[in-house]
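Chemist: how would this look folded up:
(2 chains)
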Protein chains: 2
Amino acid sequence: MKKLCEMTKEELAAFKQETQSRYDELKSRGLKIDMSRGKPGPVQLDMVQKDFKKAFESDEYKSKSGFDCRNYGLLAGIDEVKELFAQLLEVESKNIIVGGNSSLELMFSFVGQCYTHGIGGCAPWCRQGDVKFIAVVPGYDRHFGIAEYFGIKMVNVPINENGPDMDMVEELVKDPMVKGMFCVPKYSNPDGYTYSDETVERLAKMKPAAKDFRVVWDNAYIIHDLYDEGDNLLNIFEAAKKYGTEDNFVEFCSTSKISFPGSGISAIAASEANIKEILERLSMQIISYDKMNQLRHYMVFPGVQALKDEMKKHAEILRPKFEAVLEILEKELGGLGIASWHKPNGGYFISLNVNTGSAKYAGQLCREAGLTLTGVGATFPYKNDPDDRNIRIAPSYPSEDELRTSAELLCVAVKLAAAKEF
Amino acid sequence: MKKLCEMTKEELAAFKQETQSRYDELKSRGLKIDMSRGKPGPVQLDMVQKDFKKAFESDEYKSKSGFDCRNYGLLAGIDEVKELFAQLLEVESKNIIVGGNSSLELMFSFVGQCYTHGIGGCAPWCRQGDVKFIAVVPGYDRHFGIAEYFGIKMVNVPINENGPDMDMVEELVKDPMVKGMFCVPKYSNPDGYTYSDETVERLAKMKPAAKDFRVVWDNAYIIHDLYDEGDNLLNIFEAAKKYGTEDNFVEFCSTSKISFPGSGISAIAASEANIKEILERLSMQIISYDKMNQLRHYMVFPGVQALKDEMKKHAEILRPKFEAVLEILEKELGGLGIASWHKPNGGYFISLNVNTGSAKYAGQLCREAGLTLTGVGATFPYKNDPDDRNIRIAPSYPSEDELRTSAELLCVAVKLAAAKEF
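Modeler: The predicted structure is shown next:
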C-alpha cells in the first residue's frame, strides 16, 4: 500500500472517491452501534451470571468468622474477601479495604479526602492553592474528570510502551504543588501498555517535593489478559518498600470486568498509614459496604486461581473481537502512513493515533454514520487532545458482526479525514 | 413509688443498698449484650431473606425498559425503582435518584458537594468561613459526625414532641452562615417524635438568610410503624411548594430497615434543580449503583403496599421488644422522678432522659456489667450532652430475653447513678 503522502494527485483523487463511496454506502445502512465505553458484552455477562447462580441461590449469610453479612458492620469488608484481594494484589490482608460496586467511587472519595482534609498530615489540597496532577496521556477520561472536578490542574505527560515518560515525571515532582497522578499501570487505558520494570522502579524511587504526593495506582486490568501469556507488572508496594515510599501509592481494583460491571466489588490496597486515614473518612461516610455481595463473590472466587480461570473465559470471548479490529486496522490502514496503533495483550481498549488534526473529524464522520465512539479528545484532560490525534476503540460490547462493520467504518472515516488534508 | 427527692435518709439508704445488690447480682452474670446500634435482629433478617429468595433465584437481569442491569449505566437508577421510591416519598419519579446500599453515604456525599462546590449557585462552604448547621438534639450521631467531619459548627436546638423548637430555628436561620440542618422528621432518632403539621409548615415557610440553606430531610423511618395506626408526617415538598422553597429540602431514605441493613437500596428525593446539581457530582463519582440489587428489590416490592406489608411483619417482631423495654422502664423507674421517656409509635429507638449529670455514670455502670449502650453523649454534637442526661436505647437487636435483662440492668444503673447525688 502506498503512503498517502507519496500518492500522485490522480491516485489521491481516486483514493478519495473510492473511500467516499464506501463511506456513503456504510452510512446508508442506518447503523446504530455504541462503541463508546469499555463495557463487557452480553455473552460475557451471561457466562458470569451462570457462574454466580449457585451463589445467588445459596442461603448462606455468614462470613467465615460467623459475622451476619446481611446486617450493618465490618467497614473494611469480610476477612475472606480481604484475603482474596490481598492475594490478588500481593499485599497483606491488613493493607486491604473492600469497597462497594465501584472502584471509581473509592478513587473519587480518596481524592476528595485529600482535597478537603489533606493526607499524610499535610494541609487539605483545597487550602494549598493551585495543586496539580500529572496526567498521563492519553488516559482514562474518568480519572481526568475527578481531577477536574476538584479543580486540580493537570499537566500532560505522554505515555509510551514502557509507561509514562519518566524523565518528565521526575522533573515535575520537584514542584511541591504537584500532588499526584493517576496510573493504569497494566494494559493502560487506552493504549494497552504495561509499565516496564524500570518505570515501576523509577516511580517507586521518586521522592516528590510534596509530602502529600499520592499515585492513584488504578490496577483496573490486573488479570485482564487476552492471551495465556499476559504482560508482567512489578508489584508497586514491593518496589516502594526498598525506598520507603509505600505511602506514595494507593492501589485500586475491582471485579467490574471479572464479575458484573454494575454489581461487582472493589478494593483498595495501601500502606498501613494510608489505610488508617482512609478508614477514618470512610467511617464517617458509610456504615459498611454490601457484604452479601462480598460473600457471593467469595463463593464463586475462593482464591486467585478462580479469578484467573474466569478471566480465561472472558478472554475467549474478547480475543476474537480485539483480533477482528486489529485485522481490519491492518488491512485498511496499514502502510498508508496515516495511523498507528499498539496491539495490546490485555485490557479493554485499542488506541488509534491518526494524523494530527484529523481525529475529531473522523469521529464526526463515524457519528454521522451511526457509530458512537468515546468522545474524541476525551482521552486527554479537559477533553482537549492538543494534537487531535487519538481515538479510543472499545471492542468489547458490540457483537463481532457489528464490530467488523464499526471497525471498517472507523477506518474509512480515518482515511477520509486524512485525505482531506492532501 | 416515692420520688427519690422525697425519700428520707433511711429510705434512701435502703434504696441504695437494694439497688446496689441487684446491680452486683446482674454484674456477676457476666453478660455480654450489645444494644448500641439500631440494628435489625436476626429473626427480622431471616424473614427478609426468605422473602427475597425468589428474587435471588431469578435469572432476570433486564429492567422493564429492557436495560441490562448487570452492566454499567443508568446513574439515577432503573425506572421502576425510581417509581417505587416516588410513590413512597410522594413525589414524581423525575425527582428521584436511587443510590447504593447506604443513604448515609448519599447524605455525606451531598454535604461534601456543598462543602467543595457549593449549592444553588453559591460559593463552596469551604470558601465561606465558619459555616454552621442547626443540630436538633438529641439526634443521630452519624449526622453530627458528617457535619463535624466537614468542620461545620453545630448549634443545638432541642427537640420536643412536635419536632425542633421552631422559634429557635426561625431565629437562627436569620444568620446567613447557618447553612442547614439534619432532620429525622418521623420517629426521630432517638426520641421517636414525629414533626407536627405546624412544624413542617413552619419549616417549609422559612426563608433563611443563606440562599444555600439546605435541610437534610432524613426520612429514615418513613413507614417504620410499630402499630397499625402510625404517626402521620406531612409531605415536605407539598408544603414547600406553597412557599416556593422546594430547593431548601433534600430528602433521603433507604430500605436498610425494610430489606437488608447492609445490602439494601437508598434514594434521594429533591427538586429538579437539586437533582440536576447532585447528578452532576455523582456522574463524576460513580458510573452507576448496583442495579441488580434494585431489580431484586423491585421483584419483592413491586409497589408501596408491598413495602408496607413487609413493615407490618417487622413490627410484629419489634413491637414486643419495644413494649418489654417500656414496661420495665415503667416498672423500675416510674414515679421515682429520676427519668422520663416517650413511647414511640415507630422507629428504632427509645430515648431515656435521666437526672442531669448522671447519664455518663449510668452508661459506665452498664458497660462494667457487660451491656454496651450507644456511647452516652453521642446523641449530641461533639459527643457532648451538656446536661449529661440522654441515653439512647436500641431494642431491636438483642433477643427478648437479653433485652429484658438489659433493660433491668439499665434501670438499676440509672437508679444507682441518681442515688449517688442524694
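Chemist: please make it C-alpha for all contacts and neighbour counts, starting now.
Modeler: OK.
Chemist: A:Gln17 is in what secondary structure piece?
Modeler: helix A:9-28 (DSSP states H and E).
Chemist: what do you get for A:Ala273?
Modeler: Applying DSSP H and E, one finds A:Ala273 within helix A:272-285.
Chemist: output the contacting helices and strands for that helix.
Modeler: helix A:103-117, helix B:103-117, helix B:141-149 (3 or more Cα pairs under 8 Å, 6 or more residues apart in numbering or on different chains; DSSP states H and E).
Chemist: A:Gly139: which of the ones you listed is closest?
Modeler: helix A:103-117 (14.5 Å; Cα to Cα).
Chemist: ok, back up a step: who's in contact with the helix holding A:Gln17?
Modeler: A:4, A:368-370, A:409, A:412-413, A:415-416, A:419, A:422 (Cα atoms under 8 Å, 6 or more residues apart in numbering or on different chains).
Chemist: which of those fall within helices?
Modeler: A:368, A:409, A:412-413, A:415-416, A:419 (DSSP state H).
Chemist: would JSON lines of those with pLDDT be doable?
Modeler: Converted to JSON lines, these look like this (pLDDT from 0 to 100):
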{"residue": "A:Glu368", "pLDDT": "97"}
{"residue": "A:Leu409", "pLDDT": "98"}
{"residue": "A:Val412", "pLDDT": "98"}
{"residue": "A:Ala413", "pLDDT": "98"}
{"residue": "A:Lys415", "pLDDT": "97"}
{"residue": "A:Leu416", "pLDDT": "96"}
{"residue": "A:Ala419", "pLDDT": "93"}
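Chemist: show the buried residues in those residues.
Modeler: A:409, A:412-413, A:415-416, A:419 (16 or more other Cα atoms under 10 Å in any protein chain shown).
Chemist: can you list the residues that contact stretch A:389-405?
Modeler: Against stretch A:389-405 from outside (Cα under 8 Å, 6+ apart): A:33-42, A:138, A:190, A:318, A:320-322, A:324-325, A:328, A:348-360, A:363, A:373-374, A:376-377, A:379.
Chemist: so which of the residues you listed sit within helices?
Modeler: A:42, A:318, A:320-322, A:324-325, A:328, A:359-360, A:363.
Chemist: distance to B:Ala76, neighbour count and pLDDT for those residues - can I get that in JSON lines?
Modeler: Output for these, formatted as JSON lines (distance: Cα to Cα, whole Å; neighbours: other Cα atoms under 10 Å in any protein chain shown; pLDDT from 0 to 100):
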{"residue": "A:Pro42", "distance to B:Ala76": "22", "neighbour count": "16", "pLDDT": "96"}
{"residue": "A:Leu318", "distance to B:Ala76": "29", "neighbour count": "24", "pLDDT": "98"}
{"residue": "A:Pro320", "distance to B:Ala76": "34", "neighbour count": "15", "pLDDT": "97"}
{"residue": "A:Lys321", "distance to B:Ala76": "31", "neighbour count": "22", "pLDDT": "97"}
{"residue": "A:Phe322", "distance to B:Ala76": "32", "neighbour count": "25", "pLDDT": "97"}
{"residue": "A:Ala324", "distance to B:Ala76": "35", "neighbour count": "17", "pLDDT": "97"}
{"residue": "A:Val325", "distance to B:Ala76": "33", "neighbour count": "23", "pLDDT": "97"}
{"residue": "A:Ile328", "distance to B:Ala76": "38", "neighbour count": "18", "pLDDT": "98"}
{"residue": "A:Ala359", "distance to B:Ala76": "32", "neighbour count": "25", "pLDDT": "97"}
{"residue": "A:Lys360", "distance to B:Ala76": "30", "neighbour count": "20", "pLDDT": "97"}
{"residue": "A:Gly363", "distance to B:Ala76": "28", "neighbour count": "23", "pLDDT": "97"}
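Chemist: neighbours around A:Thr405, how many?
Modeler: Per other Cα atoms under 10 Å in any protein chain shown, the neighbour tally for A:Thr405 reads 17.
Chemist: which other residues reach the least confident helix or strand in chain A by mean pLDDT?
Modeler: Least confident helix or strand, chain A: strand A:33-35 with a mean of 91, by mean pLDDT, DSSP states H and E. Identification of contacts with strand A:33-35 by Cα under 8 Å, 6+ apart yields A:370-374, A:393-395, A:397-398, A:402, A:406.
Chemist: what does stretch A:310-319 rub up against?
Modeler: Residues contacting stretch A:310-319 (Cα under 8 Å, 6+ apart): A:43-44, A:223-228, A:258, A:395-396.
Chemist: mind running it again at 6 Å?
Modeler: Here stretch A:310-319 makes contact (Cα atoms under 6 Å, 6 or more residues apart in numbering or on different chains) with A:Leu226.
Chemist: with stretch A:324-332 instead?
Modeler: A:Ala407.
Chemist: also stretch A:412-420?
Modeler: For stretch A:412-420, using Cα under 6 Å, 6+ apart, the contacting residues are A:358, A:362, A:365.
Chemist: including pLDDT and neighbour count, could those go into a markdown table?
Modeler: A markdown table is the format used below for the contacts of stretch A:412-420 (pLDDT from 0 to 100; neighbours: other Cα atoms under 10 Å in any protein chain shown):
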| residue | pLDDT | neighbour count |
| --- | --- | --- |
| A:Ser358 | 96 | 24 |
| A:Ala362 | 97 | 25 |
| A:Leu365 | 97 | 21 |
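Chemist: ok so, going back, which among the contacts of strand A:33-35 gets closest to B:Pro185?
Modeler: A:Thr374 (44.9 Å).
Chemist: how much space between that closest one and A:Asn390?
Modeler: Separation of A:Thr374 from A:Asn390 (Cα to Cα, to the nearest Å): 10 Å.
Chemist: these two - which one has more neighbours?
Modeler: Using other Cα under 10 Å as the criterion, A:Thr374 and A:Asn390 rank with A:Asn390 on top: 30 against 18.
Chemist: what about the more buried one? Give its phi and psi, please.
Modeler: phi -100, psi 130 (degrees, to the nearest 10).
Chemist: show me what it is bridged to.
Modeler: A:Asn353 (DSSP bridges).
Chemist: those residues of the stretch 151-300 of chain A touching chain B, which are they?
Modeler: Contact residues, the stretch 151-300 of chain A versus chain B (Cα under 6 Å from any Cα of the partner chain): A:260-263, A:285-286, A:290.
Chemist: and for A:Ile275, the neighbour number?
Modeler: Neighbour count for A:Ile275, taken as other Cα under 10 Å: 19.
Chemist: kindly state the pLDDT recorded for the residue nearest to it when sequence neighbours are not counted?
Modeler: Nearest non-adjacent residue to A:Ile275, counting by Cα to Cα, 6 or more residues apart in numbering or on different chains: A:Asn95, 6.5 Å away. With respect to pLDDT, A:Asn95 scores 98.
Chemist: how much space between A:Asn95 and A:Ile119?
Modeler: In terms of Cα to Cα, A:Asn95 sits 17 Å off from A:Ile119.
Chemist: over to A:Phe108?
Modeler: 14 Å.
Chemist: returning to what we had before: just after the helix holding A:Ala273, pick out the following helix or strand.
Modeler: helix A:291-300.
Chemist: between that next one and helix B:291-300, how many degrees?
Modeler: 110 degrees (axes from the mean of the first three to the mean of the last three Cα atoms, to 10 degrees).
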